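J.: Need the 3D shape of this:
(one chain, ligands or ions: 1)
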Amino acid sequence: MFRRSLILSLSVFFLACGSDEAADDSASDGPAVEDMTTAQRLESLLSTLAADSMEGRRTGTPGAQRAARFLAQELGSYGIEAAGDNGYFQTVPMVRMTVETPNGPRERLVMETDAEMWDTISPGQILQTEVNVVGVIRGADPDVAHEAVILGAHYDHVGIGTPVADEAGVLDSIYNGADDDGSGTVAVLEVARVLSRGAPPRRTVVILLSTGEEMGLLGTRYYIENPIIPMENTVADLQVEMIGRPDDAVGGFGHAWLTGFERTTMGNQLAEAGSPIVADPRLDQNFFFRSDNIAFARLGIPAHTLSSFNLHGDYHQPSDEVDKIDFDHMAVLVEATVEAVRFLADGPTPEWNPGGTDGLNLGN
Ligand SMILES: [Zn+2]
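T.: Predicted structure coming up:
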């Protein structure tokens, strides 16, 4: 514990300093990372990503940019190929606007393309600071290496907001997003690390840690317009969202559900391959339509989100903290995600079931 905490506080310190040299030094503590269990690695990663120093990772803030640097540093330490326009960073141009809402004026970030209709943008409103963090594991089979499987999670959250008293009555204004979606983000990091150490996949695996999900899937929408493997060759998308706590509705510890399970063959294919993944038990929540997967699904790509969100009351609250995460549970789901991505990259591609695209307005 002591050694891990020390490494953590050192890496937070180096990140805060913004020194690449110092960051390299902390990354070279590799043997300690290799010696950890999966649960320990996840805890170490999430303790940094969801720390107060990341300021809730709101897109357009220094906290989100600090988080992106941390994620890129991690992918680099695993030796994963960078696939952004600036190392791992894929710059997502945005425009900062103030819009009127029923609750008064609110700041919004929109994609540059969406803002072209506004003829009053000043240079100060344009952001070139927000990024997706993108890596790639190249496929090894010449017949299908041009095809891509996307493994994604959104690293942004909602930032600093209204203070809320915690269980002890202490006010907290930092919305850490440990579960949403720090849990999915560090799971994707760990899956990427494991995949990069195994036999190369047949198809190419794109690691997409997206920004701006909470603002309207901005990062994913930008990726779709600027993919590293063409969308027509993208055969599946698997997002990991909120897997930090077990969900009793699907069997609790070590189990997860897949949004839109019945829409494509993916869920059944994975379940038949032994994955602890079942159908989303809460169709009334419309989760299939509420995460980055939906942007891919609307293009006709079988796309789902793996989750074990149990509707806990800490959703989008400052109390979505690291100390409420079950890392042993997450470790089981990381293993399941490794197997799922291997299956998608090496096996038959998932197909839509009859009626599976209902409600997607394909082609619109
Ligand atoms: Zn989320």
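
J.: Tell me how far residue 263 lies from residue 300.
T.: Distance from residue 263 to residue 300, counting by Cβ to Cβ, to the nearest Å: 12 Å. Glycine gets a C-beta too; all of them are placed from N, C-alpha and C.

J.: These two: which is more packed in?
T.: Using other Cβ atoms under 10 Å, the more surrounded residue of residue 263 and residue 300 is residue 263, with 24 against 15.

J.: residues contacting the nearest residue to that one once chain neighbours are set aside?
T.: In space, and not counting its chain neighbours, residue 263 is closest to residue 356: 3.6 Å by Cβ to Cβ, 6 or more residues apart in numbering. With contacts taken as Cβ atoms under 8 Å, 6 or more residues apart in numbering, residue 356 has the following neighbours: 260, 262, 263, 264.

J.: Over to residue 358?
T.: Applying Cβ under 8 Å, 6+ apart, the residues near residue 358 are residue 263.

J.: Give me the pLDDT for it.
T.: For residue 358, the model assigns a pLDDT of 94.

J.: where does it land in three-state SS?
T.: Remark: residue 358 carries the secondary structure label coil [criterion: DSSP: H, G, I helix; E, B strand; the rest coil].

J.: follow-up on the earlier one: for residue 263 and residue 300, list the residues in contact with both.
T.: With Cβ under 8 Å, 6+ apart as the test, residue 263 and residue 300 both reach 352, 357.

J.: hang on, the earlier thing: give me the phi and psi for the residue nearest to residue 263.
T.: Torsion angles at residue 356 (phi, psi; degrees, to the nearest 10) stand at phi -70, psi -30.

J.: ok, now residue 68?
T.: Main-chain torsions, residue 68, degrees, to the nearest 10: phi -60, psi -40.

J.: ok, now the one 10 residues further on?
T.: Comment: the main-chain dihedrals of residue 78 come out as phi -90, psi -10, following degrees, to the nearest 10.

J.: and the closest residue to it other than its chain neighbours, how many residues sit next to it?
T.: Counting by Cβ to Cβ, 6+ apart, residue 193 is the residue found nearest to residue 78 once chain neighbours are left out, at 4.5 Å. Neighbour count for residue 193, taken as other Cβ under 10 Å: 22.

J.: Next secondary structure element downstream of the helix or strand encompassing residue 193?
T.: Per DSSP states H and E, residue 193 falls inside helix 184-197. Using DSSP H and E, the helix or strand that follows helix 184-197 in sequence is strand 204-210.

J.: Contact partners for the nearest residue to residue 139 once chain neighbours are set aside?
T.: Nearest residue to residue 139 in three dimensions, chain neighbours excluded: residue 145, at 3.3 Å (Cβ to Cβ, 6+ apart). Shown in contact with residue 145 (Cβ under 8 Å, 6+ apart): 138, 139, 202, 203, 204.

J.: before we move on, the earlier item: of all pairs in the contacts of residue 356, which one is the farthest apart?
T.: Across the contacts of residue 356, the longest distance by Cβ to Cβ is 8.3 Å; it joins 262 and 264.

J.: who's more crowded, the two?
T.: Comparing residue 262 with residue 264 by other Cβ under 10 Å, the one with more neighbours is residue 264, at 23 against 14.

J.: what's near enough to touch that one?
T.: So residue 264 contacts 302, 304, 350, 351, 352, 353, 356 (Cβ under 8 Å, 6+ apart).

J.: Strands of the stretch 1-150 of the chain, residue ranges please.
T.: With strands called from DSSP state E, counting those that start in this stretch, the stretch 1-150 of the chain shows them at 81-82, 89-91, 94-101, 104-111, 126-127, 131-137, 148-154.

J.: and the ion, which of the ones you listed is closest to it?
T.: Closest of the strands of the stretch 1-150 of the chain to the ion is strand 148-154, at 5.7 Å (criterion: Cβ to the ion).

J.: Can you point out the buried residues in the helix or strand following the closest one?
T.: The element immediately downstream of strand 148-154 (helix or strand, assigned by DSSP H and E) is strand 159-165. Residues of strand 159-165 classed as buried: 159, 160 (neighbour count, 16 or more other Cβ atoms under 10 Å).

J.: gap between strand 159-165 and the chain center?
T.: A distance of 23 Å separates the centroid of the chain from that of strand 159-165, by Cα atoms, centre = their mean, to the nearest Å.

J.: who's in contact with the helix or strand following that strand?
T.: Heading C-terminal from strand 159-165, the first helix or strand you meet, by DSSP H and E, is strand 171-175. The contact list for strand 171-175 (Cβ under 8 Å, 6+ apart) reads 52, 55-56, 157-166, 316-320.

J.: 10 Å instead, please
T.: Strand 171-175 is contacted by residues 50-58, 63, 157-166, 214, 314, 316-321 when judged by Cβ atoms under 10 Å, 6 or more residues apart in numbering.
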